[in-house]
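Student: take a look and give me a structure for this.
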Amino acid sequence: DGGIYDQIGFGFHRYSTDNEWLVPHFEKMLYDQAGLARVYLEAFQLTGKTEYKATAEEIFSYVLHRLRDPKGGFYTAEDADSNGVEGEFYVWQKDEIIELLGEERGKRFAQIFNAQSTGNFSAYIPGEPAGTNILHRKKTLIDWAEIFNLPLAELQQQLQEDRERLFTAREGRIHPFLDDKVITAWNGQMISALALGRRVLNDPQLLMAAEAASSFIFSQMQTETGQLLRRWRNGEAAIDAFASDYAFLARGMLDLYQSSLNPDALQKALQLAEQLATHFTDQRGQLFETSSDSDLPLRTNELYDGALPSAGSVTIEIYARLYLLTGNKLWNQRAEALLQASAAQVVRYPAGYTQFLLGADLLLEPTRELVIVGTKNSPDTCLLYTSDAADDMQCVDLGGRRII
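Tutor: Model prediction:
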């Protein structure tokens, strides 16, 4: 509901700069969209609240329309500035809104999204003209429906029409710079989010986007000998990939397998995990960010979960899931070795290693396995994805597969 979310074009800005969650740093990062999409999907699964579902859908809409390369990969970010002024692309004058939407609906939209004649933003940033507003809400749409004495569905429909009109007008402005690099690790995160979105939202288009991104990475950003490259831009891939690139992409492939049941995705996850174990891990099981083949004089080991989970945190999850999927004890041994090598560091400040602890939990806690055995395409080996419509069902064959 706050200014950190783009109320017109969707997607999250990078972070908030004030206690009210009004004024963001307006940059939009791919990895934030991927991580937050997963959060909102899981929140919807846990609570059933449709507003969480809608936010996840809107994040995917933004990413697919603005951050996607025609060949299938996902770009890195959109900048914060237009014309050298941060946020200029995203802010509004109240009179501008009324002019575009008409007197009645314009004033109502301005009221709901707290756009004021005096502005709610210009005092924060030097150079912004008086009357500048960041759109945000302080009441729920249910509250506003009662205030305006309108059915909720009717208000939602009219606000959607208003938003689309403002979006069209905003498209005529000078856009922020688009950072059109494709980074392997961040694409791995997006593949994971899209794969989960396919299962939760029952949207086959999301699975297609995840598979297209996967095909892009393996066709454009992998050498003939199987090594990943870190980044791609304008047809050129370069820089040896880091452990985080292998880890996030391997997790993406596991999530893609869970949604598609395509064994090729599982095979790719196994290959990437093997490269992590072979080229990025020492004899103690400790994971380093650079390969043992690197020319750098110092190999770093960054386990702390910051703006992104660390490579080690994602790797322990991958190893644990591969053990559960394959039954190969080697993956369990590798996961335990990584846990032992990292335990002392994690124990000193557990709150700094939350993603790592999730992987450790998967490794150490009892799990349940469901194995579906039967004839391919048989009704007995079918998982039904259903929507609100009783006749809208899709069957995904599970014969002979394991899903973790």
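
Student: check contacts around Asp32.
Tutor: Listed by C-beta atoms under 8 Å, 6 or more residues apart in numbering, the contact set of Asp32 reads Phe12, Arg14. Bear in mind the C-beta positions are built from the backbone N, C-alpha and C, glycine included.

Student: same question for the one 4 residues further on.
Tutor: Applying C-beta under 8 Å, 6+ apart, one finds that Leu36 lies in contact with Phe12, Ile59.

Student: Ala43 versus that one, what's the distance?
Tutor: Per C-beta to C-beta, to the nearest Å, Leu36 is found 10 Å from Ala43.

Student: and what of Ala56?
Tutor: For Ala56, the distance to Ala43 - C-beta to C-beta - is 9 Å.

Student: of these two, who's got more company?
Tutor: Ala56 (25 against 16; other C-beta atoms under 10 Å).

Student: near the nearest residue in space to that one that is not next to it in sequence, how many other residues are there?
Tutor: Of all residues not flanking Ala56 in the chain, Tyr40 sits nearest, at 4.1 Å (C-beta to C-beta, 6 or more residues apart in numbering). Counted with other C-beta under 10 Å, the neighbours of Tyr40 add up to 23.

Student: ditto for Ile147
Tutor: 13.

Student: pLDDT wise, what is the closest residue in space to it that isn't next to it in sequence at?
Tutor: In space, and not counting its chain neighbours, Ile147 is closest to Lys139: 7.8 Å by C-beta to C-beta, 6+ apart. We have a pLDDT of 94 for Lys139.

Student: in the helix or strand encompassing the residue nearest to Ala56, what counts as buried?
Tutor: Per DSSP states H and E, Tyr40 falls inside helix 30-47. For helix 30-47, the neighbour count (16 or more other C-beta atoms under 10 Å) marks 30-38, 40-41, 43-44 as buried.

Student: average pLDDT for it?
Tutor: For helix 30-47, the per-residue pLDDT averages 96.

Student: where does the protein have its least confident helix or strand?
Tutor: Scoring the helices and strands of the chain by mean pLDDT, DSSP states H and E places strand 401-402 at the bottom, with a mean of 45.

Student: check the burial of the residue nearest to Ile147 by counting its neighbours.
Tutor: By the criterion of other C-beta under 10 Å, Lys139 has 13 neighbours.

Student: can you confirm it is in a helix?
Tutor: No: under DSSP: H, G, I helix; E, B strand; the rest coil, Lys139 falls outside any helix and is assigned coil.

Student: next, give phi and psi for it.
Tutor: phi -130, psi 160 (degrees, to the nearest 10).

Student: can you check Arg321 too?
Tutor: Here is the backbone geometry of Arg321 (degrees, to the nearest 10): phi -70, psi -40.

Student: count of residues packed around the spatially closest residue to Tyr304 that is not a sequence neighbour?
Tutor: Excluding the flanking residues, the one nearest Tyr304 by C-beta to C-beta, 6+ apart is Gly352, at 5.2 Å. Residues contacting Gly352 under the criterion other C-beta under 10 Å number 14.

Student: likewise Glu20?
Tutor: By other C-beta under 10 Å, 12 other residues sit near Glu20.

Student: which ones are touching it?
Tutor: Gly2 are the contacts of Glu20 under C-beta under 8 Å, 6+ apart.
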